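A.B. asks: Give me a 3D structure for the following:
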Amino acid sequence: MLALRYAEAEELAKRRKPRDWTAYQISDEVVLDGLRADREQWAEYKDPQKRNAALSRFHKYVYQWY
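C.D. replies: Okay, here's the model as predicted:
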C-alpha cells in the first residue's frame, strides 16, 4: 500500500510543481518525504505485479473470518 501511495504522491507532486503557490499542500510534501525516507522498507512492492499479489494474499487472509 505504501508503494502505491508513493507512486500517487510522486505523480501529484509532478502535476503541482509547475503551478503557483496556491497549489502547494504541505501535507503532500510531508507524506512524500516520509515515503522517500522509508523507501527501503517497501521498495520490493514498487513492481505492480508483486504489489497486487501481496495485497491479494492479504485480502484472502483477512476475509477468511467474514
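A.B. asks: Does anything pack onto the least confident helix or strand in the chain by mean pLDDT? Which helices or strands?
C.D. replies: Across the helices and strands of the chain, mean pLDDT, DSSP states H and E gives its lowest value to helix 2-16, namely a mean of 88. Judged by 3 or more Cβ pairs under 8 Å, 6 or more residues apart in numbering; DSSP states H and E, helix 2-16 is in contact with helix 26-37, helix 39-42. Using the backbone N, CA and C atoms, a C-beta is placed for each residue, glycine as well.
A.B. asks: Tell me the buried residues in it?
C.D. replies: Residues of helix 2-16 classed as buried by neighbour count (16 or more other Cβ atoms under 10 Å): 2-3, 6, 9.
A.B. asks: Adding distance to residue 17 as columns, could you present those in TSV?
C.D. replies: Below are the buried residues of helix 2-16 laid out as TSV (distance: Cβ to Cβ, whole Å):
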residue	distance to residue 17
2	22
3	22
6	17
9	12
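A.B. asks: which one of those is nearest residue 48?
C.D. replies: Set against residue 48, the nearest of the buried residues of helix 2-16 by Cβ to Cβ is residue 3 (8.6 Å).
A.B. asks: No further questions, thank you.
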